[in-house]
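# structure for the following, please:
(one chain, ligands or ions: 1)
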Amino acid sequence: MTDASPTVAATPAEPVASATLRVVVINGSPNRQSKTMGLVDVILDTLRGMISIDTTYIDVYRLGPGFTGALGRDEVSPDVEAALRLAEQADLLVAATPIFRGSYPGMFKHFFDLVEQYALANKPVLLAATGGGEHHALALEHALRPLFGFFQALTVPVAIFAAAGDFDGTLLLNPRVYGRIEMSIRDVIDLLRTRATGASLGPDVPVPGR
Ligand SMILES: Cc1cc2nc3c(=O)[nH]c(=O)nc-3n(C[C@H](O)[C@H](O)[C@H](O)COP(=O)(O)O)c2cc1C
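Model (predicted):
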């Protein structure tokens, strides 16, 4: 499994030589050319500079009818079940979304409505969002952080927000945001190193993804 080929682990982990942090990005953007994913690229590059990571992307808008039509966990399709399990088994979740109507998109919330109630307890979760302007930056604190508070997750103290003006297209330019990303990760890097499992994700199973 590589960054270039996002896949889902459906079986128990196999040990590998070096400790690797299993990072799962939950992407709330419906767009192929996404500022949110541009922000995530910088977050992952920064992480990669400090620790070995193995990244999988789950695009909630591309999980299909086996996701959108499911009212409960028992109704999801097998590939959606695999995506949910991957999120539940991650060492670090990156919860990344555009702000829609002052909060996270409904599709992003629907993914977490299907996550098992205690599966994210004590799990590091890094919060990241983009918006058209700065006005809704605090949606990270009043919408995303309480969602993961429900799960008893360990949200990273410094959440990361970037506005349209911080980008050229999907390329993040603003050095202040780069600095915030660095601070956010440095705050928890010791914890992440202890969480790195030294395990691969096992045989790869394709999943609707990035
Ligand atoms: C339906 C919709 C609602 C939006 N609502 C907000 C909003 O409330 N606040 C805000 O700052 N930006 C809002 N935006 C702008 C997006 O958050 C912004 O363009 C974001 O960077 C898009 O991310 P993406 O390129 O990753 O999809 C909205 C965009 C759409 C399409």
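
# so where is this protein shaky, pLDDT-wise?
1-18, 198-210 (pLDDT under 70).

# recalculate using a threshold of 50.
Residues of the chain meeting the criterion pLDDT under 50: 1-17, 200-210.

# name the residues that touch the longest helix belonging to it?
With secondary structure taken from DSSP state H, the chain has its longest helix at helix 175-195. Outside helix 175-195, the residues within contact range by CB atoms under 8 Å, 6 or more residues apart in numbering are 19, 21, 39, 42-43, 46-47, 50-51, 91-92, 124, 126, 154, 156-162, 166, 172. Placement of C-beta: from N, CA and C, glycine included.

# next, the buried residues of it.
177-178, 180-182, 184-185, 188, 192, 195 (16 or more other CB atoms under 10 Å).

# could you dump that helix to CSV, C-alpha only?
Output in CSV follows, covering the C-alpha atoms of helix 175-195 (Å, rounded to 0.1, in the frame of the first residue of the first chain):
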residue,chain,number,x,y,z
PRO,A,175,3.6,30.6,5.1
ARG,A,176,1.5,31.3,8.2
VAL,A,177,-0.5,28.1,7.5
TYR,A,178,2.7,26.1,6.9
GLY,A,179,3.8,27.3,10.3
ARG,A,180,0.6,26.3,12.0
ILE,A,181,0.8,22.8,10.4
GLU,A,182,4.4,22.4,11.7
MET,A,183,3.3,23.5,15.2
SER,A,184,0.2,21.2,15.2
ILE,A,185,2.3,18.2,14.4
ARG,A,186,5.3,19.0,16.6
ASP,A,187,2.9,19.2,19.6
VAL,A,188,2.0,15.6,19.2
ILE,A,189,4.9,14.0,17.4
ASP,A,190,6.1,12.1,20.5
LEU,A,191,2.6,10.6,20.9
LEU,A,192,2.5,9.7,17.2
ARG,A,193,5.9,7.9,17.4
THR,A,194,4.6,5.8,20.3
ARG,A,195,1.5,5.0,18.3
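
# all set, thanks.
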